[in-house]
Every structure is written in C-alpha cells, then in structure tokens.
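> sequence plus predicted model, see below.
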Amino acid sequence: MRNRYLARLRLSRVRCNENIARLESMLAFQRSRREAIEAAIQDLAPELQLPPPNRKPNPVFKRGEVTRLTLKVMRLASRWRHR
C-alpha cells in the first residue's frame, strides 16, 4: 500500500514539474510578446507613458475588496432612499 502511494506521489511530482516547465515557457513567450507590443506602441505614440506591467498589492485592501465595499454601500444607500 505504502509503495503504491509513494509511486503515485512521485508520478504527481513529475507531472507538476512538467506543468511548471510548460507554464514557464508560456510565460516567457507572453513576456516577449508584451515587450513587442510595448515597442509598437512607443513607435506609434512615443509621448504615451505606459504604466508598469506589474501591479503591486495594496497593503490595506485585498484585490477587489474596495469594489465590493463600494457596491455594498451603494446597495444600502439605495435601500434607505426607497424607504
């Protein structure tokens, strides 16, 4: 039993490594594609300032939390207005 479980775990590990390698190559391709697109944009509009490609996380709010809170407040306000 233990050997079969260990064999399945090793096979799962191999599959994970294969997936990671595939995703890393896809990521490298997408990065080079983004660079080519940004170069084309700069050729057409050199005055255009592009934002940095990586979004830094907000230390106060999780991703999408401000939107959820805003919608919640708007829903509550509309309920109070209709009373």
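Structure's in. What do you need?

> now do the helix or strand A28 falls within, average pLDDT.
Using DSSP states H and E, A28 falls within helix 2-44. Per-region confidence: helix 2-44 scores 93 on mean pLDDT.

> which other helices and strands contact it?
Helix 2-44 sits against no helix or strand, with contacts defined as 3 or more Cβ pairs under 8 Å, 6 or more residues apart in numbering; DSSP states H and E. Backbone N, C-alpha and C define where each C-beta goes, glycine included.

> what separation is there between G64 and R79?
Remark: distance between G64 and R79 (Cβ to Cβ, to the nearest Å) = 22 Å.

> please read the previous query as pertaining to P53.
From P53 to R79 the distance is 41 Å (Cβ to Cβ).

> okay, P59: pLDDT?
In this prediction P59 is given a pLDDT of 85.

> what are the phi and psi angles of it?
phi -70, psi -20 (degrees, to the nearest 10).

> what is the neighbour count of it?
By other Cβ atoms under 10 Å, 5 other residues sit near P59.

> next one: the one 4 residues further on
Other residues lying near R63 total 9 when counted by other Cβ under 10 Å.

> could we number from 368 for the rest of this?
Happy to do that; since the first residue is 368 now, the last one works out to R430.

> for it, which three-state class applies?
Look at R430: counting by DSSP: H, G, I helix; E, B strand; the rest coil, its state is coil.

> wait, what's in contact with it?
P424 (Cβ atoms under 8 Å, 6 or more residues apart in numbering).

> name the residues of stretch 417-427 that are buried.
For stretch 417-427, a neighbour-count test (16 or more other Cβ atoms under 10 Å) marks nothing as buried.
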